[in-house]
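Asker: Dropping the sequence and predicted coords here.
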Amino acid sequence: MTATPPRVALLWRGDQFERDGATLGSGRFAATATAFAAAGLAPEPSVYAEEAEDAVEAQLGGCAAVLVWVNPIHEGRDRRRLDALLARIAARGVLVSAHPRAIMAIGTKEVLHLTREMAWGGDIRLYRSHDALAAALPQRLGDGEARVLKQNRGHSGIGIWRIERAGEGQPGPDMQVRVRHAPRDSAEEVLPLAAFLERCAGYFADGGMMVEQPFAARLPEGMIRCYLVGERIEGFGYQAINALHPPSPSPGREADAAPPAGPRLYSDADDPRFQHLRRLMEGGWVAELLAATGLARADLPVLWDADFLLGAKRPDGADTYMLCEINVSSVSPFPDSALAPMAREVVARLRR
């Protein structure tokens with residue numbers, strides 16, 4: 001008798017109407033479903049909404065695995081109830097990726113501080129309270145160097161700011177600062193530091209925090225996204241992403257407008273441009289990340305990505321890299337080269 005294929009739920013956020021009509025035959029998960037079916041799995045759609053929570057939990061409880069694509073914040077709703085559900089499901093033996101434990105370990109901006117001693121780190125500060133940020137920032141900006149502040153959990157550039165001193169004067173709450181928010185089409189502003197700090201107050205609600213890191217001067221050269229399945233890189237995404245770059249007026253564009261971002265260009269793991277970074281990641285950085293965060297190899301998400309900006313050149317001309325963030329909550333889109341490895345990884349974990 002033929003064994004029943006393991007049920008694997010592909011979960012995203014929606015509403016009850018979308019849940020009632022959800023399919024995997026088309027849309028952004030069609031290729032994933034095809035790859036999973038080819039590997040002997042039985043993929044099925046699962047649309048999460050708070051109002052359908054009981055039905056979602058009942059469905060997931062009958063699955064062997066669930067892969068999740070839900071942003072930390074979506075239309076004003078966070079993931080707290082979903083993460084509690086996923087933790088309950090995992091405790092019953094369902095494979096959950098990414099597990100909420102892994103999200104909190106590597107999928108928040110705090111990971112930049114936890115790994116600051118690694119080669120991808122540097123002068124990175126963590127602020128656990130608004131008062132701590134207000135006390136430290138005047139002196140941190142006093143040298144005139146630009147810095148980047150990031151709220152701990154977010155997406156699409158929300159809560160990420162480039163900030164630098166604007167003008168002379170003594171460091172303090174009245175000093176003028178130049179800031180730009182990372183979301184697309186955000187304009188550069190000059191305002192008192194106290195006014196900017198007031199905007200940041202909400203980032204510390206419910207145990208929130210902010211991380212500060214140096215501004216990457218080579219940002220205009222683009223960002224490299226490494227897509228990993230477990231411990232191995234299975235593809236890359238390269239993008240000219242200039243949301244925080246200082247303005248440079250050009251014909252037809254306002255002086256304070258950020259340079260437009262280019263499309264993200266995907267390639268497989270053998271792209272010759274990124275083999276140095278691949279060797280660093282697979283040859284030691286993933287292991288160092290696990291050691292710094294206390295995760296085991298089995299805790300790594302099935303699919304995750306790490307974003308890097310270029311750092312200063314080494315004396316021998318080789319590039320260095322600055323970690324920008326790690327994404328695990330909703331890694332989409334991703335290169336086709338990761339599809340088959342994802343399916344194989346799920347099969348291997350279920351067998352273990």
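Answerer: Perfect, I can see it now.
Asker: ok, residue 25 - how many residues close by?
Answerer: Residue 25 has 9 neighbours, counted by other CB atoms under 10 Å. (Each C-beta comes from the backbone N, C-alpha and C, glycine too.)
Asker: Contacts only, for it.
Answerer: Residues in contact with residue 25 (CB atoms under 8 Å, 6 or more residues apart in numbering) are residue 33.
Asker: Over to residue 272?
Answerer: Contacts of residue 272 by CB under 8 Å, 6+ apart: none found.
Asker: any idea how far residue 236 is from it?
Answerer: Distance, residue 272 to residue 236, by CB to CB, to the nearest Å: 11 Å.
Asker: just for the protein, where's the confidence low?
Answerer: Scanning the chain for pLDDT under 70 picks out the ranges 1-2, 241-243, 245-261.
Asker: what about the strands in the stretch 51-200 of the chain?
Answerer: Remark: strands assigned in the stretch 51-200 of the chain by DSSP state E, counting those that start in this stretch are 65-69, 73-74, 77-78, 95-97, 125-127, 147-151, 160-165, 176-181, 189-192.
Asker: Setting aside sequence neighbours, what's the nearest residue to residue 19?
Answerer: residue 47 (3.8 Å; CB to CB, 6 or more residues apart in numbering).
Asker: and the one you found, how far is that from residue 276?
Answerer: Where residue 276 is concerned, residue 47 sits at a distance of 41 Å (CB to CB).
Asker: who has more neighbours, these two?
Answerer: Shown here are residue 47 and residue 276; by other CB under 10 Å, residue 47 has more neighbours (22 against 12).
Asker: That one in helix, strand or coil?
Answerer: Under DSSP: H, G, I helix; E, B strand; the rest coil, residue 47 falls in the strand class.
Asker: which helices and strands sit right next to the helix or strand in which residue 343 is found?
Answerer: Residue 343 is part of helix 339-351, with elements assigned from DSSP states H and E. Secondary-structure packing of helix 339-351 (3 or more CB pairs under 8 Å, 6 or more residues apart in numbering; DSSP states H and E): helix 30-38, strand 65-69, strand 95-97, strand 223-229, strand 232-239.
Asker: so which of those comes closest to residue 342?
Answerer: strand 223-229 (5.4 Å; CB to CB).
Asker: what's the angle between that closest one and helix 339-351?
Answerer: 40 degrees (axes from the mean of the first three to the mean of the last three CA atoms, to 10 degrees).
Asker: Check which helices and strands strand 223-229 is in contact with.
Answerer: Partner elements for strand 223-229 (3+ CB pairs under 8 Å, 6+ apart): strand 232-239, helix 275-280, strand 303-310, helix 339-351.
Asker: can you put these in TSV and add distance to residue 124?
Answerer: What follows is the helices and strands packed on strand 223-229, written out as TSV (distance: least, CB to CB, whole Å):
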stretch	distance to residue 124
strand 232-239	23
helix 275-280	18
strand 303-310	13
helix 339-351	31
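Asker: Deepest-packed of these, please.
Answerer: strand 303-310 (a mean of 22; mean count of other CB atoms under 10 Å).
Asker: Next SSE downstream of that one?
Answerer: Downstream of strand 303-310 (by DSSP H and E), the next one is strand 321-327.
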